[in-house]
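>>> using only what follows, build the 3D model:
(2 chains)
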Amino acid sequence: MTELPALSSTLADASSALRRRAAVMHELRRLLPAGKALRKEGADNILPFGLAALDDHLPEGGLSGEALHEVVPETAGAFPAAFGFIVALLARLARTYPLIFVLPRYERRRHGRLSGHGLNSLGLDPAQAILVEPAHRKATLWAMAEALRSAAPQAVVGSIDRLDLKTSQKLHLAATDARLPLLLVRPAQTLEASAAATRWRIGMAEAARDRFGLYARPRWHLQLERVRNGRPGEWLVEYDHVAHRFSLAAALADPALSRSASDRAFRRAGRS
Amino acid sequence: MNEAAEAAGLVPGESLADARAKAGFLQVRGVDAAADDAALRRLTLWATRYTPTASPWQDDNGADGFFLDVEGAAHLFGGEEKLLADLAARLDRFGLAARLAVADTPGAAWALSHFHHAPLFVLPPGREAAALAELPIAALRLSSETRNGLRRLGFKTVGALIDKPRAPFAARFAAELLRRLDQALGRVDEPLVPIVAPPLYHSLNYLLDPIVTAEAVVARASRLMQNLVHVLVRDDVGARALRLCLYRVDGAVETIDIGLTAPTRNVAHVARLIALKLEALAAMEDAGFGFEAIGLAVSCAEPMPARQIGLAPLPGVQSGWGHGDCAERCAALIDALRQRLGPASVRRFAPVASHIPERAEALTEIDGEASQLSAEENQWRTPERARPLLLLPQAEPAEDVMALIPEGPPRRFRWRGMTYQVEAAQGPERIGAEWWRHREPEPTRDYYLVEDDGGRRFWLYREGLYGRETHAARWFVQGLLA
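Numbering: from 1, shown residues only, chains lettered A, B, ... in the order given. The predicted structure is shown next:
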């Protein structure tokens, strides 16, 4: 019976190990929220929405500032909304470096051309924007990759129709290497697989109106379709171009009520 | 007069019938002065492979040759004789019989090339008077009246004029005579008009074997740029425009101009721009037998901007391209985009003082000056009203517009084949035509910001005021709001 003390000591070891494990787990659980906050502060290369509902939902506390993001209009007619969403997001950044917009010339007929006053009225200083208009698709891809590689701009915005997985991987890598965000507007139809970190689907929503029934702030229906290391989500947000602030649409509470109110207001405004 | 003509016994000034009688095989073509001129220019351009200052002869020199200023270039070939021999051999290969002479003044060189018995002749410095003395009066490039006048007075050679008192000649002949004499003897300067502006900094490389590939051209060009960098650093300037000359074996010259957004001395950057440009131009496709010489010239140099190193960019810089490193990276990016996509494809927004939406802004090309725009020059006012993010290239007509009252907002409209039900409309915002622009007054526009039941936001306008300007107003969609 010489093994008995040894056995009891092993048992004691095992129970203390269990207890230690429980303690470690408890400690980790306690640290988890703090760690989340810590990560948010530590990672500087983030495009935050400044809206807790969205930022907390995204795994990095905002859009990654060194990745490819796809923005897709819900229907073909929502292209301006998708574009406006991107412009609003970029208008929130500090104004130090230029923004490169790579918009192919062949899309100008269909969607119209980017307007400086339009950028201005969404709160983005047009003097900061450089418009690049390539003549064909190959040149568009080249121009986006080139802009990323130069590491000169603050962000690159592009619009492209077809994009296979391999090209999207290349673009994503270029964005990661340059530590710059690349925001791509894609056509409304169903899309092929891509290496993008997030894919947003933007739908139009009735604009926010002031108490006189006048257009005040654009509203968009955001659907986070795909996100790496995160869950999809859906929000109705509005954007204030003066404060550069996203907020959840207040009218969400009772759409029927707000619709009729704004409708009445519109009639008054329209007749005046 | 070429050798075949001399062998047949033809003489300049002969009548065509006589010439036909002497040489039955003669074919006659009219003079094509423009083609002659173009050919001479091409040849002169080719000759810039010897020296950057090459000047084709105008009519007063006979328009059948060119001057080369070989001062400082001859040693590259091992002396003036060797340079002449090389030039003659190459011209011979093109099938051109040439007479060449080197002298201290263009006038003397012209005279010797035309009237010296040797086809290649190099005059030692300071010997113009002696060399010209025995040449005929025609060697002075004089008009025919002056020549005839001199002949009547018994002057046959230049030597007879050289040491004579000047006053009688000045009194009897046009100023031309003494001017030409002085020019030949080097008493007054004769400025040459170069075919291309001689660059400030120039580097040229002769290749033993012709090169055909774009990679080889880029490699050579970057070596030339490396040579230039030393000189640029010495003078504390950077290149704003570069010209790359590719001399083809068969005598043609490809010139490639490269503009830069900001002065640079960066070899890698220039090499990359050249590679992009070659790609875009497909200049390498007709390389023929290859390029035998490559020249790189700085056609515009500017002082390098002062750089601030090691400080973070200033906060709140409005028209910002950043500072230091970032500005440089930006300039490099814009250069690259411009080379590949064309300068008109890379632009920035500039506000224009106008209320007409399609005229209220301009897209301007970016060059060095524009990128340094100060905040005041590129000032966008705080927006008063919402403006569409996307403007249609041209306002497109909206059809079947239904409004409750003629001057009211639209309730329904059709655009691009779709009918939109208007849920909310805001307006009108009346924008009058700019009467000072057009003789015929343009109709006034009433703009409406319109939202349809799906949330799409449009910017529509009604053209013309009811009753005053039109009876059937037309509607247009001009822009789309986010």
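
>>> pull the residues that contact the helix or strand encompassing A:Asp55.
Under DSSP states H and E, the secondary-structure element containing A:Asp55 is helix A:52-57. Outside of helix A:52-57, the residues that reach it under the criterion Cβ atoms under 8 Å, 6 or more residues apart in numbering or on different chains are A:40, A:48-49, A:61-62, A:222, A:224, A:230-231, A:233, A:235, A:237, A:246, A:248. Every C-beta, even on glycine, is put in place using the N, C-alpha and C of the backbone.

>>> where exactly do the strands run in the stretch 1-150 of chain A?
With strands called from DSSP state E, counting those that start in this stretch, the stretch 1-150 of chain A shows them at A:46-47, A:63-64, A:68-73, A:99-102, A:113-114, A:129-132.

>>> can you check the stretch 201-350 of chain B too?
Chain-ordered strands for the stretch 201-350 of chain B, with DSSP E, counting those that start in this stretch as the definition, fall at B:201-211, B:237-248, B:253-264, B:291-303, B:346-351.

>>> which residues in the chain form helices?
In the absence of a named chain, chain A is used. A:3-42, A:52-57, A:79-91, A:108-111, A:116-121, A:137-150, A:165-178, A:255-271 (DSSP state H).

>>> chain B, not that one
Listed in chain order, the helices found in chain B under DSSP H are B:3-8, B:16-22, B:33-47, B:80-93, B:106-115, B:128-133, B:144-152, B:159-162, B:166-172, B:175-185, B:214-235, B:267-281, B:325-341, B:368-371.

>>> from A:Ala91, how far off is the residue in chain A that chain B sits nearest to?
Scanning chain A for proximity to chain B using Cβ to the nearest Cβ identifies A:Gly84 as nearest, at 2.2 Å. In this structure, A:Gly84 and A:Ala91 are separated by 10 Å, where distance is defined by Cβ to Cβ, to the nearest Å.

>>> check A:Gly213 too.
Taking Cβ to Cβ as the criterion, A:Gly213 is separated from A:Ala91 by 26 Å.

>>> show me what contacts A:Leu148?
Residues in contact with A:Leu148 (Cβ under 8 Å, 6+ apart) are A:Val156, A:Leu171, A:Ala174, A:Ala175, A:Asp177, A:Ala178, A:Leu180, A:Leu182.

>>> and those residues, which two are the farthest apart?
Maximum pairwise distance among those (Cβ to Cβ): 12.9 Å, between A:Val156 and A:Asp177.

>>> let me know whether B:Leu273 touches B:Ile258 as I believe.
Yes: because the distance of 5.4 Å satisfies Cβ atoms under 8 Å, B:Leu273 is recorded as touching B:Ile258.

>>> who touches both of these two?
Contact with both B:Leu273 and B:Ile258 is made by residues B:Gln339, according to Cβ under 8 Å, 6+ apart.

>>> ok, B:Leu389 - contacts?
A:80, A:83-84, A:87, A:114-115, A:118-119, A:121-122, B:479-482.

>>> what sits against A:Ala129?
Applying Cβ under 8 Å, 6+ apart, the residues contacting A:Ala129 are A:Pro98, A:Leu99, A:Ile100, A:Phe101, A:Leu114, A:Gly116, A:Leu119, B:Arg348, B:Phe349.

>>> most neighbours among the residues you listed, please name it.
Using other Cβ atoms under 10 Å in any protein chain shown as the neighbour criterion, A:Ile100 leads those with 29 neighbours.

>>> stretch B:186-206: end-to-end distance?
33 Å (Cα to Cα, to the nearest Å).

>>> same check on stretch B:429-448?
Using Cα to Cα, the distance between the terminal residues of stretch B:429-448 is 7 Å.

>>> try stretch B:130-144
Its first and final residues considered, stretch B:130-144 spans 25 Å by Cα to Cα.

>>> could you pull up the mean pLDDT of it?
Model confidence over stretch B:130-144 averages 85 on the pLDDT scale.

>>> cool, and stretch A:117-130?
For stretch A:117-130, the per-residue pLDDT values average out at 90.

>>> pretty sure B:Pro305 sits against B:Arg240.
No: in this structure, B:Pro305 is not within contact of B:Arg240 by Cβ under 8 Å, at 11.4 Å.

>>> does stretch B:343-356 reach chain A?
Yes: under the criterion of Cβ under 8 Å from any Cβ of the partner chain, chain A is reached by stretch B:343-356 at B:Ser345, B:Val346, B:Arg347, B:Arg348, B:Phe349, B:Ala350, B:Pro351.

>>> how long is stretch B:6-24 end to end?
The first and final residues of stretch B:6-24 sit 14 Å from each other (Cα to Cα).

>>> residue in the stretch 351-482 of chain B nearest to chain A?
Taking Cβ to the nearest Cβ, the stretch 351-482 of chain B has B:Ala482 as its residue nearest chain A, at 2.2 Å.

>>> burial of that residue, as a residue count?
Summarising burial for B:Ala482: neighbours were counted as other Cβ under 10 Å, giving 28.

>>> check B:Thr419 too.
For B:Thr419, the count of nearby residues is 12 (other Cβ under 10 Å).

>>> tell me which of the strands of the stretch 1-150 of chain A sits most buried.
strand A:99-102 (a mean of 27; mean count of other Cβ atoms under 10 Å in any protein chain shown).

>>> neighbouring contacts of it?
Everything outside strand A:99-102 that qualifies as a contact, by Cβ under 8 Å, 6+ apart, is A:90, A:114, A:124, A:128-132, A:134, A:140, A:143-144, A:147, A:153-159, B:333.

>>> picking up where we left off before, burial count for the closest residue in space to the residue of the stretch 351-482 of chain B closest to chain A that isn't next to it in sequence?
In this structure, B:Ala482 finds its nearest non-sequential neighbour in A:Gly84, 2.2 Å apart by Cβ to Cβ, 6 or more residues apart in numbering or on different chains. Close neighbours of A:Gly84, defined as other Cβ under 10 Å, add up to 27.

>>> that concludes my questions; thank you for your assistance.
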